[in-house]
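Student: Predicted model follows, preceded by the sequence.
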Amino acid sequence: MRGRPSSWSEVGEAYAASYAALCAGTGVVLRELLKSGAGRTLVDVGAGTGELASSFAEDG
């Protein structure tokens with residue numbers, strides 16, 4: 001894929017191929033800062049591939 005994605009279904013793929021490497025490790029830092037997610041709600045806006053939201057969901 002080159003240039004701008006032609007549909008929303010390609011946005012995650014474009015993110016993974018470009019900015020994902022720059023954001024690697026963000027989830028680890030956020031999880032350390034936020035501690036337990038018990039009783040909290042997380043909204044992942046601009047979720048890219050959804051991996052960060054998924055990792056939080058796995059921890060409850």
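Tutor: Structure received. Numbers count the residues shown, from 1 in each chain.

Student: and the spatially most central residue of the chain, how far is that from A38?
Tutor: For the chain, the residue nearest the mean C-alpha position is L52 (3.7 Å; Cα atoms, centre = their mean). Using Cβ to Cβ, to the nearest Å, L52 is found at 18 Å from A38. (Glycine included, C-beta is placed from N, CA and C.)

Student: Would you map the helices across this structure?
Tutor: Applying DSSP state H to the chain gives helices spanning 11-17, 20-23, 26-34, 51-58.

Student: pLDDT (mean, whole number) over the first one?
Tutor: Mean pLDDT, helix 11-17: 80.

Student: mind putting the helices of the chain in CSV, distance to L42 included?
Tutor: Formatted as CSV, the helices of the chain follow (distance: least, Cβ to Cβ, whole Å):
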stretch, distance to L42
helix 11-17, 18
helix 20-23, 16
helix 26-34, 8
helix 51-58, 5
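
Student: picking up where we left off before, wait, what's in contact with the residue nearest to the residue nearest to the centre of the chain when sequence neighbours are not counted?
Tutor: Nearest non-adjacent residue to L52, counting by Cβ to Cβ, 6 or more residues apart in numbering: G27, 4.7 Å away. Counting by Cβ atoms under 8 Å, 6 or more residues apart in numbering, G27 touches 51-52, 55-56.

Student: Just give the number of residues close to Y15.
Tutor: 17 (other Cβ atoms under 10 Å).

Student: Distance-wise, check the spatially closest residue to it that is not a sequence neighbour relative to A16.
Tutor: Of all residues not flanking Y15 in the chain, G48 sits nearest, at 3.9 Å (Cβ to Cβ, 6+ apart). Per Cβ to Cβ, G48 is found 7 Å from A16.

Student: and what of V28?
Tutor: In terms of Cβ to Cβ, V28 sits 18 Å off from A16.

Student: what about these two, which has more around it?
Tutor: Using other Cβ under 10 Å, the more surrounded residue of V28 and A16 is A16, with 13 against 10.

Student: Please consider this matter closed, and thank you.
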